[in-house]
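In: here is a sequence with its predicted model. Questions after.
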Amino acid sequence: MEGSVTDIRSGQYDRSCVKIDLDALRHNFSEIRKLTAPGAGILAVVKADAYGHGAYETASTLLECGAAGLCLATIDEAVDLRNRGIDAPMMTLGFTDKSRFADAVRYDIEQAVYSYDIAKALSDEAVSQGKQIKIHIKLDTGMGRIGFQTDGSSTGEIVKCCKLPGIIPYGVFSHFAVADTGDDAYTKQQFDSFMRQIKELGDEGIVFEKKHISNSAGIMRFPEMHLDLVRAGIILYGLMPPGCPEPPVRPDLIPVMNWYAKVIHVKKIPSGATVSYGRHFTAKRETEVATVGIGYADGLSRRLSNGFELIVNGEKCPIIGNVCMDMCMVDTTDLKTRPKVGDVVEIFGKDRLADDLAERMGTINYEITCDVGKRVRRIYVPERR
């Protein structure tokens, strides 16, 4: 198989695959460790199937590297990892329905708590199972999403939560809203609000073992805010938060996900012929068309139709016509090397970042990797040690 996928055999996939470079992941973790305060553990954010990279393989690798624990979005994500043998600390960052608190207690999944009702239901479940559950009090310091207010009005409620039977008030956390922008004053305001609320709780006898607020941008830009834990997300996967100001020390990040497809057909069409649904492309000359085995059901958005370039035989070729559900077409007329069935097509990776797709689509690189479809095979290289 030709192209830059020399460590993937052609028989390993038929239409499209993503190569997940676990050595790049290990490298990125090492780079993050260099930036992180010595006393701060690194929580690996592996929610949303590790931003599309595969939660189990990614989490296993990062724990081998020394990650202090894992952050998930849903109880199902956490339970799946437990059932696959991962026994590291895990926490959910947001909402868990009360109907799933039995699983939270049973599988030892640390829970975000942002109301007394949540804490009471967790307490009741823990007591009924004869167990305890660790909670992380969520403070809203300016995201406006979920969390207790930090103006002092919630202090009493938080104290009540932390004193319930079966509850271990293990952590307290918040989310930065603009750490990846130049609005440093707002980030510092959030941090000050966070620390002020923690002090108020301390005055009431509530002390947390773990405090955490820094995301990927916070890790790079605000070392004084690392506290006990940091939460590494997009930078683990080798991508910078979009628009993030240059940090004092820029980590040497390597993209972990590399997305490829194959040419499945090549033909020539005459001048005046149209391509794809809606006939939004008309050939102005005799045109060589390579059909590629990837479409919007695989995660290649229709917003990339008519103009976004895929890389065939090392050269950029524009998509012509609308991206279909399972295929798209590119103009290969001017390629130096004639395409043939089986040739590698690169969508993004180390040499062409997911940011290129994000810019064209008016979104962020997070969404691009998350949107790579489940039917696109993940191939992990090298195999986990």
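Out: Arrived safely, thanks for sending. Residues are numbered from 1 along each chain as shown.

In: wait, residue 59 sits on residue 44?
Out: Yes. Using CB atoms under 8 Å, residue 59 makes contact with residue 44 at a distance of 6.6 Å. Using the backbone N, CA and C atoms, a C-beta is placed for each residue, glycine as well.

In: wait, what's in contact with the residue most central in space within the chain?
Out: Per CA atoms, centre = their mean, the C-alpha nearest to the average position across the chain is that of residue 51, at 2.9 Å. By CB atoms under 8 Å, 6 or more residues apart in numbering, residue 51 lies in contact with 45, 233, 234, 237, 366, 369, 370.

In: which intervals of this protein have sub-threshold pLDDT?
Out: Scanning the chain for pLDDT under 70 picks out the ranges 1-11, 383-385.

In: show me where it has its helices.
Out: Using DSSP state H, the helices of the chain run over 22-35, 47-51, 55-65, 75-83, 101-106, 116-129, 155-162, 184-203, 216-221, 354-361, 365-370.

In: would you format the ones you listed as JSON lines with distance to residue 255 included?
Out: Shown next, in JSON lines, are those (distance: least, CB to CB, whole Å):
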{"stretch": "helix 22-35", "distance to residue 255": "7"}
{"stretch": "helix 47-51", "distance to residue 255": "12"}
{"stretch": "helix 55-65", "distance to residue 255": "14"}
{"stretch": "helix 75-83", "distance to residue 255": "23"}
{"stretch": "helix 101-106", "distance to residue 255": "34"}
{"stretch": "helix 116-129", "distance to residue 255": "37"}
{"stretch": "helix 155-162", "distance to residue 255": "40"}
{"stretch": "helix 184-203", "distance to residue 255": "26"}
{"stretch": "helix 216-221", "distance to residue 255": "14"}
{"stretch": "helix 354-361", "distance to residue 255": "7"}
{"stretch": "helix 365-370", "distance to residue 255": "9"}
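
In: for residue 278, which of those is the nearest?
Out: helix 354-361 (18.7 Å; CB to CB).

In: elements contacting the closest one?
Out: Under the contact criterion of 3 or more CB pairs under 8 Å, 6 or more residues apart in numbering; DSSP states H and E, helix 354-361 touches strand 344-348, helix 365-370.

In: the closest residue to residue 104 other than its chain neighbours: neighbour count?
Out: Distances taken as CB to CB, 6 or more residues apart in numbering place residue 111 nearest to residue 104, at 5.4 Å, with adjacent residues excluded. Other residues lying near residue 111 total 27 when counted by other CB atoms under 10 Å.

In: what does residue 235 give?
Out: Residue 235 is flanked by 23 other residues according to other CB under 10 Å.

In: so what's it up against?
Out: Contacts for residue 235 (CB under 8 Å, 6+ apart) come out as 28, 32, 216, 219, 220, 241, 251, 253.
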